[in-house]
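> Quick check, what structure comes out for this input:
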Amino acid sequence: MPLADPALAITDFIEVKDIFVASKKYSFLNNRMCTIEEISKLPFLLLYKDSRTRQNLDSFFESLGINISSAIEFESMDLLVEFARIGAGIAHVLFESAQEYLKRSKLFQIAIKDPLPKRKLGIAVIKGGAVSAASERFINVLVKNI
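Reported below is the predicted structural model:
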């Protein structure tokens, strides 16, 4: 989110927090406030450009007048976390994706003076379209359990 498409009925689902994480290789960033400008000079591990998460990140950096590029682009948060863990760069991930690694001190969260804006994930269905019973049940399970 945000997503505006008149053909879709969109329901906000859950608020997520985007963070930057790194391994001990980048320990000089740990336990202090970093600026966006400072970390923008380091190698980024990012989702591919067509992903909504990446588009939001690019828009945030553009709003600050900063151009970023990725050292490596991935299609999966899991790969971002794994490559950050081995020291390949600074990964932009959802907090929930890196939570276990943060708890076990395999990664640390980089504290940013100007934190990234919070986002919401949504559930989108085609307006007036038929939603299968399985899809409807899945959506209900998601909404109740999150």
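> The helix or strand containing V81 - contacts with which helices or strands?
Here V81, judged by DSSP states H and E, is contained in helix 77-85. Helices and strands touching helix 77-85, by 3 or more C-beta pairs under 8 Å, 6 or more residues apart in numbering; DSSP states H and E, are strand 18-22, strand 44-47, strand 70-74, strand 90-94, helix 95-103. In short, each C-beta sits where N, CA and C put it, glycine included.
> A4: how many residues sit nearby?
Counted with other C-beta atoms under 10 Å, the neighbours of A4 add up to 7.
> With R52 instead?
Neighbour count for R52, taken as other C-beta under 10 Å: 14.
> what angle sits between the helix holding V81 and strand 18-22?
40 degrees (axes from the mean of the first three to the mean of the last three C-alpha atoms, to 10 degrees).
> buried stuff in helix 77-85?
M77, L80, V81, E82, F83, A84, R85 (16 or more other C-beta atoms under 10 Å).
> export that helix as PDB, just CAs?
Taking C-alpha atoms only, helix 77-85 is exported to PDB below (Å, rounded to 0.1, in the frame of the first residue of the first chain):
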ATOM      1  CA  MET A  77      12.700 -10.900   1.700                       C
ATOM      2  CA  ASP A  78      14.200 -14.200   2.900                       C
ATOM      3  CA  LEU A  79      17.100 -13.800   0.400                       C
ATOM      4  CA  LEU A  80      17.600 -10.200   1.500                       C
ATOM      5  CA  VAL A  81      17.900 -11.300   5.100                       C
ATOM      6  CA  GLU A  82      20.300 -14.200   4.300                       C
ATOM      7  CA  PHE A  83      22.600 -12.000   2.200                       C
ATOM      8  CA  ALA A  84      22.700  -9.400   4.900                       C
ATOM      9  CA  ARG A  85      23.600 -12.100   7.400                       C
END
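> could we number from 2 for the rest of this?
Sure, I'll start numbering at 2, so the last one becomes helix 78-86.
> what's it in contact with?
22-24, 46-48, 73, 75, 90-95, 98-99, 102, 107-108 (C-beta atoms under 8 Å, 6 or more residues apart in numbering).
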